[in-house]
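K.L.:
build the 3D model from these lines:
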Amino acid sequence: MSDSFMGAGFGGSRGFGPMQPGGQLWEAMDQLRSVFEQRVGGGSSRMGRGDVRAAVLALLAEAPMHGYQIIREIEERSHGSWKPSAGSVYPTLQLLTDEGLVVAEESGGRKTYALTDAGRLEAESADRSAPWESGSRERKDLTALPKAGLELAQAAAQVGRSGTAAQQAEAVAVLEDARRKLYSILAQD
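P.N.:
Here you go, the predicted structure:
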């Protein structure tokens, strides 16, 4: 776990350190966080090499946008499972400009990018769906449970940092009950 969590209640003088009540529960939450980070890369999934290009063309086919809008739109349409970096979007925009598929116009201190006629033909002739459409539902399904677990771990960390001993004990009881309920889900037919 990060130093901010360990030094702020977990493993410190107050909270759920290994020798305190709930220490095993914290270790389980730490494992859940680790699995989540492996699956979703700490909040951003990597997509294939041509996906940024395909996403930019698909978005610009709808409307002119500036780079930050493109990043936000991809993140929103992929339900948060993919947020390309500026270091991948802006070079892609420059490449598309160099290829004559995109034109940049300065507007309000920002470059707004739009498709040229050749770019529109390229976007229309793409033989695949936008990257956020292909498998985005499956990615969302795969990340929902680990994400909820991480959010639960963050809430437990907050109680560990700022809660009283009674509040921490109550939090342990709630988390242990949640663990039992999760296992009961698996026990169902």
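
K.L.:
what about Ala55, neighbour count?
P.N.:
By the other CB atoms under 10 Å criterion, the neighbourhood of Ala55 contains 25 residues. C-beta coordinates here come from the backbone N, C-alpha and C atoms, glycine included.

K.L.:
measure it to Glu73 for me?
P.N.:
9 Å (CB to CB, to the nearest Å).

K.L.:
show me what the top helix by length along the chain packs onto, helices and strands only.
P.N.:
Longest helix in the chain by number of residues (criterion: DSSP state H): helix 136-162. Contact partners of helix 136-162 among helices and strands, from 3 or more CB pairs under 8 Å, 6 or more residues apart in numbering; DSSP states H and E: helix 23-40, helix 165-187.

K.L.:
extract the CA atoms of the last one and return them as CSV.
P.N.:
Translated: helix 165-187. What follows is helix 165-187, C-alpha atoms only, in CSV (Å, rounded to 0.1, in the frame of the first residue of the first chain):
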residue,chain,number,x,y,z
ALA,A,165,-11.4,3.5,18.5
ALA,A,166,-15.2,2.8,18.7
GLN,A,167,-15.7,3.9,15.1
GLN,A,168,-12.8,1.8,14.0
ALA,A,169,-14.2,-1.3,15.8
GLU,A,170,-17.6,-0.6,14.2
ALA,A,171,-15.9,-0.4,10.8
VAL,A,172,-14.2,-3.7,11.4
ALA,A,173,-17.6,-5.3,12.2
VAL,A,174,-19.1,-3.8,9.0
LEU,A,175,-16.2,-5.1,6.8
GLU,A,176,-16.3,-8.5,8.4
ASP,A,177,-20.0,-8.7,7.7
ALA,A,178,-19.5,-7.6,4.1
ARG,A,179,-16.8,-10.4,3.7
ARG,A,180,-19.3,-13.0,5.0
LYS,A,181,-22.0,-11.7,2.6
LEU,A,182,-19.6,-11.8,-0.4
TYR,A,183,-18.8,-15.5,0.4
SER,A,184,-22.5,-16.2,0.7
ILE,A,185,-23.0,-14.9,-2.9
LEU,A,186,-20.5,-17.6,-4.1
ALA,A,187,-22.3,-20.2,-2.1
